[in-house]
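Asks: dropping the sequence and predicted coords here.
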Amino acid sequence: VFTITDNRIVRRLEEAQARGVKIRIISDNDKSLDSGSDLTYLSKSGIDCRLDRTDAHMHHKFAISDQDLLLTGSYNWTRAAAAENDENIVITNNPQLVRSFIEKFEKMWSQLD
């Protein structure tokens, strides 16, 4: 995801982690420094976070759940996205789309540390 500043989402991620769900997050390094960014907090709480430190923004906004559900769209994981902005999110279990996003995530993940 591009950024995470919505504490409600952070709480849900923490709850999932406490249930034993494996969570991995890739975000943009510039956005991790923004006021209100929860990425450092999530990392310190044990969630595996990696930052894209390239010159370009890592501007993806998607999540994959259980290897068979994809959430994607313009929606940033921010309070403003939930309360103020015009955003969209698509949720699908289309195997071809899910596989494509899994492959993209794994490629990015393997290139970051």
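Replies: Cool, got the structure. Since we're looking at a predicted model, the values are computed, not measured. Residues are numbered from 1 along each chain as shown.
Asks: from G46, how far out is G20?
Replies: The gap separating G20 from G46 is 12 Å, by C-beta to C-beta, to the nearest Å. Where C-beta positions appear, they are placed from N, C-alpha and C, glycine not excepted.
Asks: more crowded one of those two?
Replies: Set side by side, G20 and G46 give different neighbour counts by other C-beta atoms under 10 Å, the larger being at G46 (11 against 6).
Asks: isn't the more buried one right up against A16?
Replies: No - the pair G46 and A16 fails to qualify as a contact (C-beta atoms under 8 Å) at a distance of 11.9 Å.
Asks: count the neighbours of Q111 for me.
Replies: Neighbourhood size, Q111 [other C-beta under 10 Å]: 11.
Asks: kindly report the same for L39.
Replies: For L39, the tally of surrounding residues (other C-beta under 10 Å) stands at 24.
Asks: how near is the residue most central in space within the chain to L69?
Replies: Against the mean C-alpha coordinate of the chain, by C-alpha atoms, centre = their mean, the closest residue is V1 at 3.4 Å. Taken as C-beta to C-beta, the spacing of V1 relative to L69 amounts to 16 Å.
Asks: tell me the first helix or strand C-terminal of the lowest-mean-pLDDT helix or strand in the chain.
Replies: Scoring the helices and strands of the chain by mean pLDDT, DSSP states H and E places helix 79-83 at the bottom, with a mean of 90. For helix 79-83, the succeeding helix or strand toward the C-terminus, using DSSP states H and E, is strand 89-92.
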